[in-house]
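Student: 3D model of this:
(one chain, ligands or ions: 1)
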Amino acid sequence: MLALDIKNLNKKYEHFQLKNVSFQMKKGYIMGFIGANGAGKTTTIKSILNLTRIDSGEIHILGKEMKKHEIELKQEIGFTFGDIHFYTRNKIKTLTNVIKSFYRNWDDEAYHNYLRRFNLNENKKIAELSTGMKVKYSLALALSHGAKLLILDEPTSGLDPVARDNLLDIFQELVEDGEISILFSTHITTDLEKCADYITFIDNGQIINSSEKEDFIDTYRLINGKLEQLDSIKDQLIAYKKNSFGFTGLIHTIDLDPSLDIKSTLPNLEEIMIYFSKKEDSHV
Ligand SMILES: Nc1ncnc2c1ncn2[C@@H]1O[C@H](COP(=O)(O)OP(=O)(O)OP(=O)(O)O)[C@@H](O)[C@H]1O
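Tutor: Sure, this is the predicted structure:
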């Protein structure tokens with residue numbers, strides 16, 4: 001079963017648009033959603049959650065069409081956007097009491113467990129929370145109403161390395177029994193190397209690739225060549241950088257001619273993102 005099925009999502013702002021965004025996420029897995037600043041991650045997430053109006057497209061969540069079943073589906077979705085701009089003069093406890101009243105399956109025991117695990121004091125005011133504490137509090141809320149799909153916008157940014165590592169462990173525990181699925185956007189590609197099963201990469205409003213992590217990486221090769229080889233391969237490269245030894249470039253694996261005497265290695269996610277960000281200039 002699919003936790004998420006997005007088809008041909010289009011959304012236009014004055015200076016930006018999501019263009020035919022389509023991807024699917026299987027139930028019980030963790031998908032990392034990556035892309036540079038301004039690539040369209042938050043806009044996609046808000047569109048999925050119907051927090052912004054889309055121009056066209058179809059969104060199915062847990063087998064149901066979001067447009068038709070929004071109220072019911074919102075019970076099954078936990079989402080966070082990190083910051084909290086409301087009820088800031090109130091204590092955590094007060095805001096929780098408001099939020100929990102919206103959820104049929106609110107689990108107080110789970111909520112208090114997460115507060116303890118995240119070292120959060122219910123008597124602190126929202127305005128007194130650090131960025132990392134706000135992220136953790138948002139997550140505690142998202143995790144305490146029996147959500148089957150978690151959609152988290154940059155949940156690890158603002159967290160220190162220890163808190164981030166703890167959170168990634170929690171993600172892995174949550175998906176273990178195959179019932180919960182997690183989509184999270186991030187810039188921190190090492191988080192994905194640790195815990196994502198699937199990667200979806202958005203660049204300038206378009207999905208470049210969405211696949212299992214190993215297949216995703218295997219789609220590309222990083223090559224190191226001599227300057228005199230550059231002309232013969234330049235057109236196939238996604239982008240390249242010249243250096244004092246020659247050049248390094250990113251290429252689609254299928255475009256790499258094995259008969260060429262050029263060293264190639266598997267890139268990491270960060271390298272893939274960096275070269276794509278330079279694609280428009282064709283070289284860096
Ligand atoms: N309400 C809006 N009105 C007009 N343009 C918007 C609006 N919200 C976002 N945008 C534009 O849409 C583009 C994509 O923004 P979005 O927040 O989706 O990117 P992102 O990938 O989440 O970036 P980041 O990693 O920086 O959070 C940006 O150019 C942004 O300026």
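
Student: correct me, but residue 140 touches residue 108?
Tutor: No - in this structure, residue 140 is not within contact of residue 108 by C-beta atoms under 8 Å, at 11.5 Å. C-beta coordinates here come from the backbone N, C-alpha and C atoms, glycine included.

Student: compare these two (neighbour count), which wins?
Tutor: residue 140 (22 against 10; other C-beta atoms under 10 Å).

Student: need the contact list for that one.
Tutor: 111, 114-115, 118, 120 (C-beta atoms under 8 Å, 6 or more residues apart in numbering).

Student: with respect to residue 198, which of these is nearest?
Tutor: residue 114 (25.0 Å; C-beta to C-beta).

Student: where do the helices of the stretch 51-200 of the chain begin and end?
Tutor: 66-76, 92-100, 108-117, 131-143, 161-175, 189-195 (DSSP state H, counting those that start in this stretch).

Student: need those helices in a markdown table (columns: distance to the ligand).
Tutor: Shown next, in a markdown table, are the helices of the stretch 51-200 of the chain (distance: least, C-beta to the nearest ligand atom, whole Å):
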| stretch | distance to the ligand |
| --- | --- |
| helix 66-76 | 18 |
| helix 92-100 | 24 |
| helix 108-117 | 25 |
| helix 131-143 | 14 |
| helix 161-175 | 17 |
| helix 189-195 | 13 |
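
Student: where exactly do the strands run in the stretch 151-284 of the chain?
Tutor: Using DSSP state E, counting those that start in this stretch, the strands of the stretch 151-284 of the chain run over 181-186, 198-203, 206-212, 220-225, 237-243, 246-252, 263-265.

Student: contacts for the fourth one?
Tutor: In other words, strand 220-225. Strand 220-225 is contacted by residues 233, 237-238, 245-253, 256, 262-267, 271-272 when judged by C-beta under 8 Å, 6+ apart.

Student: neighbours of the closest residue to residue 61 other than its chain neighbours, just the number please.
Tutor: Of all residues not flanking residue 61 in the chain, residue 73 sits nearest, at 5.1 Å (C-beta to C-beta, 6 or more residues apart in numbering). Residues lying near residue 73 (other C-beta under 10 Å) number 22.

Student: tell me, what residue is most central in the protein?
Tutor: residue 185 (2.0 Å; C-alpha atoms, centre = their mean).
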